[in-house]
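S.K.: Have a look at this prediction, sequence included:
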There are 2 protein chains.
Amino acid sequence: MNDLAIHLTDGNGKHLYEQIYEYIADEIREGKLLAGEKLPSTRSLAEYLQVARSTVELAYGQLQSEGYIESIPYKGYFICRVEELYRLGPAENRGNGNVGHGSRDPGNESHGSGDPGNSRQGNGGPAGQADGWRNGRREGRFAIDFSPNAIDMDLFPFGIWRRITREILSGDRKELFALGEPRGDLELRKTVCRYLHASRGVNASPEQIIVGAGNDYLLLLLQYILGRQITAAFENPSYRRAFRIFSSFAAKTVTVPSDEGGIRVDGLLASGADVAYVMPSRQFPTGTVMPIGRRTELLRWAAGSPGRYLVEDDYDSEFRYRGKPVPSLQSADAAGRVIYIGTFSKSVAPAIRISFMVLPERLLEAYEKNCGFFSSTVSRIDQTVLNEFILSGAFERHLNRMRKAYREKHDLLLDCLQPLLGRYRLSGEYAGLHVLLTSREPAREEELLGRAADCGVRIYGLKEAALAPLQTECATVLLGYGGLDAEKIKEGTRRLDRVL
Amino acid sequence: MNDLAIHLTDGNGKHLYEQIYEYIADEIREGKLLAGEKLPSTRSLAEYLQVARSTVELAYGQLQSEGYIESIPYKGYFICRVEELYRLGPAENRGNGNVGHGSRDPGNESHGSGDPGNSRQGNGGPAGQADGWRNGRREGRFAIDFSPNAIDMDLFPFGIWRRITREILSGDRKELFALGEPRGDLELRKTVCRYLHASRGVNASPEQIIVGAGNDYLLLLLQYILGRQITAAFENPSYRRAFRIFSSFAAKTVTVPSDEGGIRVDGLLASGADVAYVMPSRQFPTGTVMPIGRRTELLRWAAGSPGRYLVEDDYDSEFRYRGKPVPSLQSADAAGRVIYIGTFSKSVAPAIRISFMVLPERLLEAYEKNCGFFSSTVSRIDQTVLNEFILSGAFERHLNRMRKAYREKHDLLLDCLQPLLGRYRLSGEYAGLHVLLTSREPAREEELLGRAADCGVRIYGLKEAALAPLQTECATVLLGYGGLDAEKIKEGTRRLDRVL
């Protein structure tokens, strides 16, 4: 117990669980706690620190979800193997302070978003797109649609958006109607930088940010930045749209085996890939959070050869209903090999076509030379409205509201799914906008979708995100809840319980 | 004189000069007036028809600018050779009536834009872009900048744009914040169809329209629609940005010789090109209006082999200060070989990132298969505002206002340039937002730009749009006037007269 010389303070604005989390994570990263070591039980640490047991549980849960520790049933919590490359010293301060999540820097330079756990960047990537799921055979004939893409448009802050838009159009700001910079307006890029830094630990200067009209467009630009002579690796299943876009220009696309930690690095090596497309914060569609050990392996893989890059699609990080957000892979990328992509399309609204890409500095020259002359694809008015929306704090309040609403739907869905859990294993919960049910017995996905459809309920099959045949005897289905109200969640799960 | 059995009427809403123009154009197309035949003089036709001589002059001017007739000094007007492919019968009615410009159909189905001569589609293509001209060595040190890219932002209808935006955001229209169709909102595509048909004679159904965030983006999509195994041909000089984009994906890009009619078809044939990028309404930067004979040759070239296409960038057609607009090449394309591109970025404002592409039906399958899944790059709010802007008639009034303002600047510039015309030949006038001055004696372009710069005036060299060395001993400079007020035009030309 003496190993954990945690000093908790009340006044530094951090939750107690965060302080515990950070202390232990630092000890692990610094090699003071070694792989295989057992942690004190939550009860004994809580007594020792004189805090509620739930506080320690929250800290352990966070450490576990990020892969620092693992829980072995009836035995306790153990330190995982974490390779030493991860956070190989902080990267240089690039314009806005380098306060990686988990470091002890209190982050004074971050903008006024308060608890970083409550301010996530946008999304609209995988789950925000319309085409990913085309189980359309009975389209329009479903009483209840558990679409993993649906979001709750009632939450959109029309009033605020309208007010900001009106104010901006009212000012005598003719420059807004001129063509802006190809990378996006500097003011917006600065704001995105600060925001990403505070919320996702992303280290970047505004020069590294490219604002574009949606993720698809930004992915298209990669052909000019990375070239077309690349082999791009994907997990299976993955975000099919991204796979199709890479397939449209890359010399080769491959799928690489994954396990419970995400994409396997041995598979990456064997594939000969140069570029790996990953979603470490929450893989789509599996919901896997990549543990820190795998992240480290991935970063080491990328640093191992000059042309290697990781494309981190951080599409889903703002909806997390337990503990702190998982920091971005980019935040730990000392070698400059992560291309970070995020979007406001889902966190604000899908129709707001504003995504952004954070390029490592080493790729800026290729960007500038090969596609830096492309005109911006986002209206300056929209950029200005979004910038004001973020700076005014409205974005943060909006996210909190969305998070609360989705958490309620999520919790209700979990309650309602209880009767099915004898037959199905639940996964992907506590984050995002969908959960997964996997049959405990061999089953056919189509059969499950068909039975649900016959009682007017649309659910979605994992195979629809498959890039290659999935090697499993059991069937997995996705249930999204973003677009459903409480009544529909209740009724939909009642029906599913009858037929699945 | 009896050959011209023109029946002028007062009541059908068409100007007298239009009726004369249309009658003669039809006669030529139908082979009733043959190449080489001499037309009556303007004076005698005016007497015969009992109209003002200026009316006939206007009609002849239009016929001349479109290449139907030519004027031989001291001899008169003669019919040009027009190949028979042009308007090989109207294309089928595709959704909105096939009322090609120049046909006798009164165009009842067109939307309420009144005089088609006063409603042009947008622009923002070549001249609307920021990078084309980088004569930046004395950037910021010019008292007067004759930029061909500048437009008059004072003309932007802030009030109307604000009102429409407010109305749209006020309605309970949540669907606006959902992700729209990849091709663009159907309502906007319908409006664009009707508008293009009425103003440019473009024949298309809404299915053929792809709305995108700027011309650059749409040109990028062509790699998925035409493939990358193409040879793309450009005039020299041409719109350099388009050349760079094609170069970024096409197997080969070539420049092809041009003459006073535009790109030469013998050169195209010799180059082995599959795709030719042209601006028939007004070539950038030369200002050449492609005559009808050359258009016909081009269309025949394209129809001559399965993989051939013409990309018509109709960037500049709304600013024409004399006579009727020149109809689009697409309007005469019976074989389905023209990809028409236009934009609202300049006609509304450069920051409004809305362009569109009209694909021939034969390319829709490739679009759908290869890039039809890319999410729309334009916000639905922006699409809806623009749609309402057009439907309400505000766009048309805005265009008229812009056209009037630019015409005044144009006329003033021409007056002010009179003192220089002994030393320089003027071209590219009566349309667009710039004119060209070509030295009558051998001269070096850099020398002229330098002398202008030394007296605080920025002018632009033709070489900056060169894709390959220009074969000329004389120097050509561009003078844009869109962004200058009367005082600056006067003062700038006074200074130029002193040093050039």
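M.R.: Yes, it's here. Numbering: from 1, shown residues only, chains lettered A, B, ... in the order given.

S.K.: where are the low-confidence patches of the stretch 101-250 of chain A?
M.R.: Across the stretch 101-250 of chain A, the ranges flagged by pLDDT under 70 are A:101-141, A:172.

S.K.: Which parts of it are helices?
M.R.: A:158-170, A:186-200, A:215-225, A:240-249 (DSSP state H, counting those that start in this stretch).

S.K.: Can you add distance to chain B and mean neighbour count and give those helices back as JSON lines?
M.R.: Where C-beta positions appear, they are placed from N, C-alpha and C, glycine not excepted. As requested, the helices of the stretch 101-250 of chain A are arranged in JSON lines below (distance: least, Cβ to the nearest Cβ, whole Å; neighbours: other Cβ atoms under 10 Å in any protein chain shown):
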{"stretch": "helix A:158-170", "distance to chain B": "4", "mean neighbour count": "17"}
{"stretch": "helix A:186-200", "distance to chain B": "13", "mean neighbour count": "23"}
{"stretch": "helix A:215-225", "distance to chain B": "5", "mean neighbour count": "24"}
{"stretch": "helix A:240-249", "distance to chain B": "6", "mean neighbour count": "21"}
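
S.K.: Longest helix in chain A, by number of residues?
M.R.: If you go by DSSP state H, chain A has its longest helix at helix A:394-417.

S.K.: Not counting that helix itself, show me its contacts.
M.R.: Contacts to helix A:394-417, defined as Cβ atoms under 8 Å, 6 or more residues apart in numbering or on different chains, come from residues A:113-114, A:118-120, A:152, A:155, A:157, A:160, A:164, A:318-321, A:347-348, A:389-390, A:424, A:426, A:429-430, A:433, A:435, A:437, A:479, A:481-482, A:484, A:486, A:489-490, A:493-494.

S.K.: about what we covered before: mind putting the helices of the stretch 101-250 of chain A into JSON lines with distance to A:D259?
M.R.: What follows is the helices of the stretch 101-250 of chain A, written out as JSON lines (distance: least, Cβ to Cβ, whole Å):
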{"stretch": "helix A:158-170", "distance to A:D259": "43"}
{"stretch": "helix A:186-200", "distance to A:D259": "25"}
{"stretch": "helix A:215-225", "distance to A:D259": "26"}
{"stretch": "helix A:240-249", "distance to A:D259": "19"}
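
S.K.: Might one say that A:P285 is in contact with A:E235?
M.R.: No - counting by Cβ atoms under 8 Å, A:P285 does not reach A:E235; the two are 10.1 Å apart.

S.K.: Tell me which of the two has more neighbours.
M.R.: A direct count of neighbours by other Cβ atoms under 10 Å in any protein chain shown for A:P285 and A:E235 places A:P285 higher, at 29 against 26.

S.K.: Put the buried members of the contacts of helix A:394-417 into a PyMOL selection.
M.R.: Here is the PyMOL command that selects the buried residues among the contacts of helix A:394-417 (16 or more other Cβ atoms under 10 Å in any protein chain shown):
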select buried, chain A and resi 113+118+119+120+152+155+157+160+164+318+319+320+347+348+389+390+424+426+429+430+433+435+437+479+481+482+484+489+490+493
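
S.K.: Three-state assignment for A:L437, please.
M.R.: Following DSSP: H, G, I helix; E, B strand; the rest coil, we place A:L437 in the strand state.

S.K.: what pLDDT does it get?
M.R.: With respect to pLDDT, A:L437 has a value of 97.

S.K.: cool, and A:N93?
M.R.: 34.

S.K.: Roughly how far does A:P291 sit from chain B?
M.R.: Counting by Cβ to the nearest Cβ, to the nearest Å, the gap from A:P291 to chain B is 31 Å.

S.K.: mind listing what that residue touches?
M.R.: A:P291 makes contacts with A:66-68, A:80, A:261-262, as judged by Cβ under 8 Å, 6+ apart.

S.K.: helices or strands next to the helix or strand encompassing A:L449 in the packing?
M.R.: For A:L449, the element it lies in under DSSP states H and E is helix A:445-454. In terms of contacts (3 or more Cβ pairs under 8 Å, 6 or more residues apart in numbering or on different chains; DSSP states H and E), helix A:445-454 is packed against strand A:460-461, strand A:476-480, helix A:486-499.

S.K.: Using CSV, list the CA coordinates for the helix or strand containing A:L310.
M.R.: Per DSSP H and E, A:L310 falls inside strand A:309-313. Once non-C-alpha atoms are left out, strand A:309-313 reads as follows in CSV (Å, rounded to 0.1, in the frame of the first residue of the first chain):
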residue,chain,number,x,y,z
TYR,A,309,1.4,6.6,-40.6
LEU,A,310,-1.6,6.0,-38.4
VAL,A,311,-4.9,7.7,-39.4
GLU,A,312,-6.8,8.2,-36.1
ASP,A,313,-10.5,8.7,-36.7
